[in-house]
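Visitor: predicted model, plus sequence, below.
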Amino acid sequence: MKEAAGEANLTVIAIILIGVIAAVATPLINNAMKTTERRSCCMQNGGTWENNACVGASDQCAEE
């Protein structure tokens, strides 16, 4: 009986850790995806991506 309780506790801890990792990783991934989208839009319009901004082109996709 003690072994089953220990396994249940480990399962709960694993589920909580997965939730915490997902909560931390989701904003990071979303930010990376948005930056990549803006960078590719800038380059498609003939600009370059410098210092987290589009230089040399109208970045039409920047603030959607």
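Guide: Cool, got the structure.
Visitor: please enumerate the helices of the chain.
Guide: For the chain, applying DSSP state H gives helices covering 2-44.
Visitor: could you report the separation of the residue nearest the centre of it from C61?
Guide: Residue closest to the average C-alpha location in the chain (C-alpha atoms, centre = their mean): I29, at 0.9 Å. Applying C-beta to C-beta, to the nearest Å, the value for I29 to C61 is 19 Å. Quick note: C-beta positions are derived from backbone N, CA and C, even for glycine.
Visitor: how about low-confidence regions in the chain?
Guide: 1-4, 58-59, 62-64 (pLDDT under 70).
Visitor: what about the nearest residue to W49 once chain neighbours are set aside, how many residues nearby?
Guide: In this structure, W49 finds its nearest non-sequential neighbour in R39, 4.5 Å apart by C-beta to C-beta, 6 or more residues apart in numbering. Look at R39: counted by other C-beta atoms under 10 Å, it has 18 neighbours.
Visitor: could you do R38 as well?
Guide: Other residues near R38 come to 19 when the count uses other C-beta under 10 Å.
Visitor: that one reaches C54, doesn't it?
Guide: Yes - between R38 and C54 there is a contact at 7.1 Å, judged by C-beta atoms under 8 Å.
Visitor: before I go, just wanted to say thanks for your time.
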